[in-house]
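**Q** Based on what follows, work out the 3D shape:
(chains A and B)
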Amino acid sequence: MAMTPALQRVGRAEGRSRRPSLALIVLGGAIALITLVPVGYVLSIAVEVGGSQLLPLVFRPKVGELLVNTMLLVAVATPLCLAVGIGAAWLVERTDLPGRRLWAVLLAAPLAIPAFVSSYGWVSAISGIQGLGGAVMIAVFAYYPLVYLPAAAAIRGLDPALEESARSLGCSTWAVFIRVVLPQLRLAILGGGLIVALHLLAEYGAFAMIRFDTFTTAVMVQYQATFAGPAAGALGAVLASLCLVLLILEASARGRARYARVGSGAPRSATLVRMKLWNLPVLLGLIALLGAAAGVPLASVARWLGTGDTWAQAELGSAVVQTALLVSAGALLTILIALPVAWLSVRHPSRLTKAIEGATYVTSSLPGIIVALALVTLTIRLIPSLYQTPFTVLLAYVLIFIPRALVSLRAGIAQAPVGLEEAARALGRSPIQARMRVTVPILVPSIAAGAALVALGAANELTATLLLAPNGTRTLATQFWSASSSLHYADAAPYAVLLIALSVPAVAIMFLQSRKVARR
Amino acid sequence: MKLTATITASATAAILLLAGCSTSAPAAAPSGTPADSLEGSEIVVYNAQHEELTQAWADEFSDQTGVTVTLRSASDTELANQLVAEGDASPADVFLTENSPGMALVENAGLLADVDEATLDLLPAQYRPSTGKWTGIAARSTVFAYNPALLTEGQLPGSLLDLAKPEWKGRWAASPSGADFQAIVAAVLELEGASATTEWLTGMRENFTEYKGNSTVMKAVNAGEIPGGVIYHYYWFGDQASTQENSSHTKLHYFKSEDPGAFVSISGGGVLESSDNQAAAQAFLAYIVGKDGQEVLRTGTSFEYPVSDGAEPHEDLPSLASLEAPEIDPARLNSSQVTDLMTKVGLI
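**A** So this is what the prediction gives:
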């Protein structure tokens, strides 16, 4: 990227051993430092507020309640999401379920419905939904696709020969699933579980609407009562610690066992398990799942849309424009910042570049509310010129969503062979020309995919947008939230429709990407 | 690099556009009004009032004066603490609240300019702080909304303080995270003192069921999930005037008799001393408490009480005087002590 020609020794073969330019390293380091700002903020709370004030704010009954609520939510909802997601993936990939190609698409669809819209759909349909039970229900319906997509991709990538061997050795279908398929899905399970758990910790709107208190909702309450005061900071520090603990747990549970196969295996499809009598109950179950995860929210939205002239709201147009601008600028900036990091980690793998990439992941495991608190505090005290500017919102989007861009860019850069660039240079192109004419075009699809995923996240982002938005800003998400939380359900409906419509293309990209990964 | 440059340029353009579109275009001012001099100026209003109400005020004010009004909307205490954190660097020119404690917090931090005498003179003394650093702009009354199927008139609480007694366990709701309820607690604190308030809050924590937002409390009472709830009056009147879907099975009980539960909360308006647009900011306050601004309260759908001399409330509302509210100097309501107490008790 920012490689200066002067630092490149012309004629030397480009390869994995070549060291990145100093400029690139400095740029990567600077990005890593910026992404660590929220972590620094959490640490500084402890120092600045001081133990004598912080400890009573942390060790109080309310925090105990929140801890119980939050841990129960994670402990119950995560396994349920895993069970539903993996079960669904196995059904569409390894059984002869009627219409399984269609199911493969439909089961990913609930991802296009933001969790807080799902919550709104359920609450406005059945007002009694609340507490842990309600929270678990909403969470499973909203987040199982986060497990389903990677699990389906992983199952598709498995060599069916292992399963066939097990079956020929006398294992039942169930035993094959438990003893052969599941262990090979370990990485997908851990990764999916981590993503679900982090979403549970970070979610605000969905749980606030059904009166289930987690740390994130409590931080918002304290923020509304005290702005970025010590109590909000203290709760935020506990929340951030929970996220980091999850991250460490997942990393250590990943282990070192190898599940890769030697050689590529035979390119053939798996023998499908015959469902026979199971077809009917399983189909009914899947219909019920989709009905709950997508049907109920969509029906609620449709019902409220039909109650009046809901599209006539004056703010609707400006919310669309402002969301489009914020979200597209956020996606572009995120891609720009992720590019050097991804480039370093693919083309120049080393401890240093791994550390830079790792820093970006740590911050993105922190909920938006922590990132927002950090940026509010930082800009108001140290950089007032950035306070309440669009730039700060965009920076928050970068910090929260950079891994979405990295995953996509890394894959793209890995697919752009160094050899092609070398060939272009051998034909007389300068290094810059070679990169622009050869590598960049190859990267375009992955840039687009990464940008779409970031845009999806940013469009549905609520907490950081609420805290950081410049004066007068109205986004679809904040407008939806302000209408629905004051029970103006009908007014909220058009915003919900627009959010869902915006999300569909991004979900399509995620779906296609998950199929691509498996094919490689 | 070309790609980088293009992306950077488009990102920058998007940011600039975004900054540009965050304000609404000024409307033409009627010629010949004294407000002509304000034409073209812009003010930022930190708004904790219901956005629809303030937007209605802002729109009419813009039409009359040509001043562009940009709102930043959030809760009383969030914006108040934000103003304190921002200090002199605050971009805000005007602060509007739903309740008094947030305004008092900003006043005590020394951030408010004196309100024009002529503006203050429009209100009776009980609807503005003794200090003259801000003015009342509207008022709302504490009420107990109940479901007559679950509570008979004879079973209604005589005092707000009764709700902490054991017989009310599991039988009432509130939204303690909201600035509205925290203002009611501030009134209890001012009238009854810190130790009685802590005791009341502790009893409350045992007894009450928590909901988020006054409308949600009312909806739960209406659905029969809980017999009663402490809210402000206008949620009920607003719903009655529209679909009634969240209030048709409820009635209002006014505590009266100068009980803490009869507390009438004064919504405040103040001008920030750091504002570079003092004239326009003062004019906005003058408009709100003037005839036109107060008329919006009577004719609009906010159902909040007007507070200026001679201004009439919406015809559905009982008169403010009939509510027998306790006398409280709104400047003395303290939000930070309230949040500390509520945090200590574990309500937030």
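**Q** Give me the number of neighbouring residues for whichever residue of the stretch 351-500 of chain A sits closest to chain B.
**A** Residue of the stretch 351-500 of chain A nearest chain B, by CB to the nearest CB: residue A:472 (3.9 Å). For glycine as for every other residue, the C-beta is placed from the backbone atoms N, C-alpha and C. Residues near residue A:472, counting by other CB atoms under 10 Å in any protein chain shown, number 20.
**Q** roughly how far apart are it and residue B:44?
**A** As judged by CB to CB, to the nearest Å, residue A:472 and residue B:44 stand 8 Å apart.
**Q** for residue B:141, same thing?
**A** Look at residue B:141 and residue B:44: by CB to CB, they are 30 Å apart.
**Q** Where does residue B:46 sit: helix, strand or coil?
**A** strand (DSSP: H, G, I helix; E, B strand; the rest coil).
**Q** Would you check that it makes contact with residue B:94?
**A** Yes - applying CB atoms under 8 Å as the test, residue B:46 and residue B:94 come out as touching, 7.2 Å apart.
**Q** what is in contact with residue A:472 and residue B:44 at once?
**A** B:70, B:72 (CB atoms under 8 Å, 6 or more residues apart in numbering or on different chains).
**Q** Surely the residue of the stretch 351-500 of chain A closest to chain B is in a strand?
**A** No - with three-state DSSP as the criterion, residue A:472 is coil rather than part of a strand.
**Q** so where is chain A shaky, pLDDT-wise?
**A** Scanning chain A with the threshold set as pLDDT under 70 gives A:1-18, A:256-268, A:517-520.
**Q** Just want the residue of it that's nearest chain B.
**A** residue A:227 (3.2 Å).
**Q** State the phi and psi torsions of that residue.
**A** phi 60, psi -150 (degrees, to the nearest 10).
**Q** picking up where we left off before, ok, the residue of the stretch 351-500 of chain A closest to chain B touching residue B:71?
**A** Yes - Residue A:472 lies in contact with residue B:71 (CB under 8 Å); the separation is 6.4 Å.
**Q** residue nearest the centroid of chain B?
**A** In chain B, the residue lying closest to the centroid (CA atoms, centre = their mean) is residue B:98, at 0.8 Å.
**Q** check contacts around that residue.
**A** Counted by CB under 8 Å, 6+ apart, residue B:98 has contacts B:48-50, B:76, B:140, B:179-180, B:183, B:265, B:267.
**Q** pLDDT score for residue B:34?
**A** We have a pLDDT of 51 for residue B:34.
**Q** same deal with residue B:28?
**A** 39.
**Q** Can you check which strand is longest in chain B?
**A** strand B:135-146 (DSSP state E).
**Q** Is it correct that residue B:229 falls within a helix?
**A** No - applying three-state DSSP, one finds residue B:229 to be strand, outside a helix.
**Q** Let me see the contact set for it.
**A** B:144-146, B:172-174, B:211, B:217-218, B:220-221.
**Q** same thing but at 10 Å, please
**A** When contacts are counted by CB atoms under 10 Å, 6 or more residues apart in numbering or on different chains, residue B:229 touches B:143-147, B:171-175, B:208-209, B:211, B:214, B:216-222, B:235, B:250.
**Q** Also near chain A: which of the residues you listed, exactly?
**A** B:175, B:209, B:211, B:214, B:216, B:218-220, B:222, B:235 (CB under 10 Å from any CB of the partner chain).
**Q** Just the ones of the residues you listed in strands?
**A** Per DSSP E, the subset of the ones next to chain A among the contacts of residue B:229 in strands is residue B:209.
**Q** what two of the ones next to chain A among the contacts of residue B:229 are the furthest from one another?
**A** B:209 and B:235 (17.0 Å; CB to CB).
**Q** So between those two, which is more surrounded?
**A** Taking other CB under 10 Å, residue B:209 and residue B:235 do not tie; residue B:235 has more neighbours (26 against 16).
**Q** And chain B, what are its domain boundaries?
**A** Chain B breaks down into these structural domains: B:37-139+B:265-318, B:140-264+B:334-345 (assignment by automatic domain parsing).
**Q** Nearest to residue A:96, out of the ones you listed?
**A** It is, among the domains of chain B and with distance given as CB to CB, domain B:140-264+B:334-345, at 46.5 Å.
**Q** how distant is the closest one from the center of its chain?
**A** 16 Å (CA atoms, centre = their mean, to the nearest Å).
**Q** Show the end-to-end separation of it, please.
**A** 26 Å (CA to CA, to the nearest Å).
**Q** now the strands for the chain?
**A** Picked chain A for this. Going by DSSP E, chain A shows no strands.
**Q** that answer is for a different chain, and I need it for chain B
**A** B:42-47, B:68-73, B:94-96, B:135-146, B:172-174, B:208-210, B:228-232, B:251-253, B:264-271.
**Q** if we can go back for a sec, Serialize the contacts of residue B:98 to CSV and add fields for distance to chain A.
**A** Listed next are those as CSV, based on distance: CB to the nearest CB, whole Å:
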residue, distance to chain A
B:48, 10
B:49, 13
B:50, 8
B:76, 9
B:140, 15
B:179, 7
B:180, 12
B:183, 12
B:265, 16
B:267, 17
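**Q** For these, work out which two are farthest apart.
**A** B:50 and B:183 (14.7 Å).
**Q** okay, the two: which has more neighbours?
**A** Shown here are residue B:50 and residue B:183; by other CB under 10 Å, residue B:183 has more neighbours (28 against 20).
**Q** The more buried one and residue B:80 touch, don't they?
**A** No - the pair residue B:183 and residue B:80 does not pass the contact test of CB atoms under 10 Å, sitting 11.6 Å apart.
**Q** where do the contact lists of the two overlap?
**A** In contact with both residue B:183 and residue B:80: B:97, B:99, B:101-102, B:335, using CB under 10 Å, 6+ apart.
**Q** so which of those residues are also by chain A?
**A** B:102, B:335.
**Q** which of the shared contacts of residue B:183 and residue B:80 lies closest to chain A?
**A** residue B:335 (8.0 Å).
**Q** Which residues are in contact with each of residue B:46 and residue B:94?
**A** B:71, B:270, B:272.
**Q** got the contact list for residue A:376?
**A** A:41, A:223, A:227-228, A:232, A:387-388, A:392, A:396, A:464, A:467-468, B:82, B:85.
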